[in-house]
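1. next input, structure requested:
(one chain, ligands or ions: 1)
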Amino acid sequence: MSAADAVTDALGQLHSRFAGVREGLPAAYIPQLARADPDAFGLALVSMDGHRYSTGDADVPFTLQSISKPFVYALALSVLGLDEVGRWVNAEPSGEAFNAISLEPATGRPDNAMVNAGAIVTTALIPGTPDEAAFERILRFLGRFAGRELDVDEEVYASEAATGDRNRALAYLIRSAGLLPFDPVAAVETYFRQCAVRATAVDLATMAATLAHGGVNPVTGETVVTAAVAAQVLAVMATCGMYNGSGDWLLRVGLPAKSGVSGGLIAAGPARFGLAAYSPPLDATGTSVRGYGALVALSQRFGLHLMNNPALSGSTVTLATTADDLPTAPAGGPERALRERVGVVAAQGALDFTAAERVLFALDESGPDRTGSVVLDLREVTTIDSVALAMLHAGLARLAQDGRRAAVVDPAGRLGPLGPTRERTGQELPRFASREEAVEECARVLAEGD
Ligand SMILES: NC(=O)CC[C@H](N)C(=O)O
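-> Residues are numbered from 1 along each chain as shown. A predicted model of the protein is given here:
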């Protein structure tokens, strides 16, 4: 036993709770899918550190079906960009079933890339390269999300190819509206193959975790897509991923998700987890019945709903005082009076936009009457993202413009080159290794001014 087995136990409890559910039937319109074991049931979770947890049939391979759609959309966005992809496929929830004729009346443009119509167009947009046909490129790309090479279930592919006339009809209909830029037969064949790619629930949770982790596979460390593309894909999954069940899903589960008619279901908790369920019996929207139940319960149990009181990051400002309050300040004398006019603000942790706002507010409030000098101590700060960095430099420059001398305690150089502040003020921002030196410098400058 290990401590982390508690996570596996939590998954195991959900598994036991839903394993007995007998509702729903495996998809039958693709004959080969009707042969799936209705009792198969697996759950998997992958953390942002790449830790994998699973229970039940989480290592049983099954075909991705529609779960391939967000990942092929990610490839299209990576190759062509959102504006170009958006010319061919919209991003509006259709409120209709996955196989509906969800096309914009005037243009024939599919409503979104999660319904079949939009997914077929998305697949058609993927160009082959001199080295790789379009499908090989898609297959390899899916494998980078999973962290291993994936393959095709040829029987499921053949079964869908033999019966998939509705998807062919959709492709012809789209082309008749003048939209589909490629051969509809080839586009649908590639789409059928992508739907027949095989993966396990653990693979799928890794794929979802890669989207949740800003496009970096947390198991392999590979950057598969940019953070911007990962966010775009998650946005479309959130609004359209569960078809005509998308609104209800966002309400109850609150996570970007995608279902597939083989019984797979993924959900992504941005910056938290990738989740996957596998259980073939489906409800009326083509969603795994047990998977739905388990992920609703899991989201509630682990508090994953995105709109639910987003966790306030830990306290940022750990000290906001004047220098004469510091234990190192010698009592009495003119030194002490100078030190009363030096504000000290210490920050900690990872600084983003929210945290930078707290720091800037504390700098303003520091010192008597919001005047005098300020020392910003960044020794306990672990990271400063680009947005926070620009805000800190802008804020420090404004202090200088107000005639308030600022000094930073930043031995690790987290504030980067101090140039941005200097450029705005013409003054060098002094940087010190210790708080005491910074306070002394500020007090010295105040004494000079007196
Ligand atoms: N919802 C799904 O998983 C549908 C995928 C399936 N290959 C189809 O096109 O019908």
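2. switch to C-alpha atoms for all contacts and neighbour counts from now on
-> OK.
3. give me the residue from the stretch 1-150 of the chain nearest the ligand.
-> Relative to the ligand, the nearest point of the stretch 1-150 of the chain is S66 (3.6 Å; C-alpha to the nearest ligand atom).
4. pretty sure that residue sits against V261.
-> Yes: under the criterion of C-alpha atoms under 8 Å, S66 lies in contact with V261, with a separation of 6.9 Å.
5. what count of nearby residues applies to G95?
-> With neighbours defined by other C-alpha atoms under 10 Å, the count for G95 comes to 17.
6. i'd like the first residue to be 4 from this point on
-> Let's use 4 as the start, then, which means that last one is G98.
7. for stretch 57-72, buried residues please.
-> Applying a neighbour-count criterion of 16 or more other C-alpha atoms under 10 Å, the buried positions in stretch 57-72 are 57-62, 64-72.
8. the residues you listed in strands, which ones?
-> Taking DSSP state E as the definition of strands, the buried residues of stretch 57-72 contribute 57-59, 65-66.
9. as JSON lines, these with pLDDT and distance to the ligand would be great.
-> Output for those, formatted as JSON lines (pLDDT from 0 to 100; distance: C-alpha to the nearest ligand atom, whole Å):
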{"residue": "S57", "pLDDT": "97", "distance to the ligand": "23"}
{"residue": "T58", "pLDDT": "98", "distance to the ligand": "23"}
{"residue": "G59", "pLDDT": "98", "distance to the ligand": "22"}
{"residue": "F65", "pLDDT": "98", "distance to the ligand": "12"}
{"residue": "T66", "pLDDT": "98", "distance to the ligand": "9"}
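10. can you tell me which of these is closest to P187?
-> Set against P187, the nearest of these by C-alpha to C-alpha is T66 (22.6 Å).
11. quick check: R382 is in a strand.
-> Yes: in this structure, R382 lies within a strand as judged by DSSP: H, G, I helix; E, B strand; the rest coil.
12. what residue lies at the spatial centre of this structure?
-> The chain has A215 as the residue nearest its centroid, 3.3 Å off, counting by C-alpha atoms, centre = their mean.
13. these two touch, right, it and R275?
-> Yes: when contacts are counted by C-alpha under 8 Å, A215 is listed as touching R275 (6.8 Å).
14. which residues do these two both contact?
-> For the pair A215 and R275, residues contacting each of them under the criterion C-alpha atoms under 8 Å, 6 or more residues apart in numbering are M51.
15. straight-line length of stretch 423-437, end to end?
-> The first and last residues of stretch 423-437 sit 22 Å apart, counting by C-alpha to C-alpha, to the nearest Å.
16. for stretch 418-433, same thing?
-> Its start and end residues considered, stretch 418-433 measures 12 Å (C-alpha to C-alpha).
17. mean confidence score for that stretch?
-> For stretch 418-433, the mean per-residue pLDDT is 79.
18. now stretch 439-451
-> 87.
19. check stretch 357-366 too.
-> When pLDDT is averaged over stretch 357-366, the result is 89.
20. how about the CA coordinates for that stretch, as PDB?
-> Below are the C-alpha coordinates for stretch 357-366, written out as PDB (Å, rounded to 0.1, in the frame of the first residue of the first chain):
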ATOM      1  CA  THR A 357      -4.400  38.000  -9.900                       C
ATOM      2  CA  ALA A 358      -1.300  37.800  -7.600                       C
ATOM      3  CA  ALA A 359       0.300  40.800  -9.300                       C
ATOM      4  CA  GLU A 360      -2.800  42.900  -8.600                       C
ATOM      5  CA  ARG A 361      -2.400  42.100  -4.900                       C
ATOM      6  CA  VAL A 362       1.300  43.000  -4.800                       C
ATOM      7  CA  LEU A 363       0.700  46.300  -6.600                       C
ATOM      8  CA  PHE A 364      -2.200  47.200  -4.200                       C
ATOM      9  CA  ALA A 365       0.000  46.400  -1.200                       C
ATOM     10  CA  LEU A 366       2.800  48.600  -2.600                       C
END
